[in-house]
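Undergrad: Based on what follows, work out the 3D shape:
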Amino acid sequence: MKKVSLSVINDLVTDNRVHKVIVSLQKMGFEPVLIGRILPESSPVDRVYRTHRMKLLFRKGFLFYLEYNLRLFFFLLTTKVDVLVANDLDTLPANYLASRIKRKPLVYDSHEYFTEVPELLGRPMVKGIWTWLEKLLVPKVRAAYTVCDSIAEVYHDLYKVDFKVVRNLPTCSGKPDVLPEVQKKSDAPKIILYQGALNLGRGIEAAIRAMMYIDGAELWLAGDGDITAQLKQLVAELQLEAKVKFLGRLPISQLSEITRQADLGISLEEDLGLNYRFALPNKLFDYIQAGVPVLVSNLPEMKRIVEQYRIGAIAETHQRKDLAETIKMALFNQEKNAVWKKNLIIAAKELCWENEEVILQEIYKPFLFENS
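TA: Numbers count the residues shown, from 1 in each chain. The predicted structure follows:
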């Protein structure tokens, strides 16, 4: 069997996209190994494929990225592998060097527009280094794919590399065509759900402030992140403890049950650079699979999905009162909800990993038949 290595910079626990890619590659006949790092608080991972997690001395900054890539490079150099896959720019340097020395093909899976992430805003020197690495390395990969059309077009224009699009959609096999209705008491509050990282630029603060003007509903935040503490402080300052619930980071199985209880799923990313402008978040598709109408920012990729399938509303602004009015319309307009829920059944059937898997197979199939 052809051996394929897939490198990520996280601890493997919640990276569902890479897991789906690996399972698809296994079905094609590849033997994968997933490489990441382990943190003191990391949960165990039990997968049907080989994993390797590196314990690093540093957790952030230049020394972290340097140590990670050095450790990854030497691991790849001493591991039998026929195809190397770098997930995101921060794993690409080590993979590129190893692929050149071993003379093996290198594939690049870009999960986002890395050099335009909000964390690099206002840091021109750091951004310049990553941009230099991207210009140096991306044109030299054998194959590449990313998460949406907009990012694929940008990379093609910049580097003349043919980026395929493999969206991070949920798997649908084994799911019923129509999910049973969640039973609720008639006087129960409506549930507005945000799931995912509680980080800068996700529109979470705007959603919290909008709750000042919304009655008969609760905002549930399922996740954790860099701004969790300040979000909790904001809720306390606005005296919204009765309306805003912090659920923390939940296992996938528990999160899917929570999602099905929601009346509205929100994805309110702010236009903080091109990475967020072109965002197509996993949570949007998780809401769709759960049959939950959505409210998204007026950003091109998310807007395209919502308008194509007519499954929710577009928030034209993050201004608290206007956002509150849009949320109330999405929650309480029964006529629109009936249309959205009917269309969600169609969208859920089409927006499946099984359909994206066909594109993935076209990317990797040539490597099955190359000489080792």
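Undergrad: Could you report the neighbour count for residue 80?
TA: Neighbours of residue 80 under the rule other CB atoms under 10 Å: 10. Every C-beta, even on glycine, is put in place using the N, C-alpha and C of the backbone.
Undergrad: Next, it: secondary structure please.
TA: Here residue 80 is recorded as coil under DSSP: H, G, I helix; E, B strand; the rest coil.
Undergrad: residues contacting the closest residue to it other than its chain neighbours?
TA: Of all residues not flanking residue 80 in the chain, residue 3 sits nearest, at 5.7 Å (CB to CB, 6 or more residues apart in numbering). Counting by CB atoms under 8 Å, 6 or more residues apart in numbering, residue 3 makes contact with 30-33, 80-83.
Undergrad: From those residues, list just the buried residues.
TA: Neighbour counting with 16 or more other CB atoms under 10 Å marks 30, 32-33, 81-83 as buried within the contacts of residue 3.
Undergrad: how about the CA coordinates for stretch 94-102, as PDB?
TA: The C-alpha trace of stretch 94-102 is given here as PDB (Å, rounded to 0.1, in the frame of the first residue of the first chain):
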ATOM      1  CA  ALA A  94       9.200  20.800   6.800                       C
ATOM      2  CA  ASN A  95       7.100  18.900   4.300                       C
ATOM      3  CA  TYR A  96       8.700  20.700   1.400                       C
ATOM      4  CA  LEU A  97      12.300  19.900   2.600                       C
ATOM      5  CA  ALA A  98      11.500  16.300   3.300                       C
ATOM      6  CA  SER A  99       9.700  15.900  -0.100                       C
ATOM      7  CA  ARG A 100      12.800  17.300  -1.900                       C
ATOM      8  CA  ILE A 101      15.200  15.000  -0.100                       C
ATOM      9  CA  LYS A 102      13.100  11.900  -0.400                       C
END
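Undergrad: what's it in contact with?
TA: The contact list for stretch 94-102 (CB under 8 Å, 6+ apart) reads 7, 68-70, 72-73, 76-77, 81, 84-86, 104-106, 137, 140-141.
Undergrad: and those residues, which of them are in strands?
TA: Counting by DSSP state E, these place 7, 84-86, 106 in strands.
Undergrad: Tell me how many other residues surround residue 309.
TA: When neighbours are defined as other CB under 10 Å, residue 309 has 18 of them.
Undergrad: quick one, helices of this protein?
TA: Along the chain, the stretches classed as helices by DSSP state H are 16-28, 61-77, 92-102, 124-137, 149-159, 204-210, 228-237, 252-261, 274-277, 282-289, 300-309, 320-332, 334-350, 353-368.
Undergrad: Off-centre distance for the third one?
TA: With CA atoms, centre = their mean, to the nearest Å as the basis, helix 92-102 stands 26 Å off its chain's centre.
Undergrad: Report the buried residues of it.
TA: Buried residues in helix 92-102 (16+ other CB under 10 Å): 92-99, 102.
Undergrad: repeat for the fourth one
TA: Residues of helix 124-137 classed as buried: 127, 130-131, 133-134, 137 (neighbour count, 16+ other CB under 10 Å).
Undergrad: With pLDDT and distance to residue 282 as extra columns, can I get these in CSV?
TA: Listed next are these as CSV, based on pLDDT from 0 to 100; distance: CB to CB, whole Å:
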residue, pLDDT, distance to residue 282
127, 95, 25
130, 96, 23
131, 96, 26
133, 97, 26
134, 97, 23
137, 98, 26
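Undergrad: Between the residues you listed, which sits nearest residue 369?
TA: Residue 369 lies nearest to residue 137 out of those, by CB to CB, at 25.8 Å.
Undergrad: Roughly how far does that closest one sit from residue 81?
TA: 18 Å (CB to CB, to the nearest Å).
Undergrad: repeat for residue 158
TA: Applying CB to CB, the value for residue 158 to residue 81 is 28 Å.
Undergrad: in stretch 313-320, what's buried?
TA: 313-315, 318, 320.
Undergrad: Please disregard the earlier target; I meant stretch 46-64.
TA: Those would be 49, 51-53, 64, for stretch 46-64 by 16+ other CB under 10 Å.
Undergrad: okay, residue 12: pLDDT?
TA: Residue 12 is assigned a predicted lDDT (pLDDT) of 92.
Undergrad: Touching, it and residue 45? I think so.
TA: Yes: counting by CB atoms under 8 Å, residue 45 is a contact partner of residue 12 at 5.0 Å.
Undergrad: any low-confidence regions in the chain?
TA: For the chain, the stretches with pLDDT under 70 are 173-183, 372.
Undergrad: Geometric centre of it: which residue is closest?
TA: residue 282 (4.5 Å; CA atoms, centre = their mean).
Undergrad: Redo the contacts of residue 3 as TSV? Include distance to residue 185.
TA: Below are the contacts of residue 3 laid out as TSV (distance: CB to CB, whole Å):
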residue	distance to residue 185
30	50
31	51
32	47
33	49
80	59
81	55
82	57
83	54
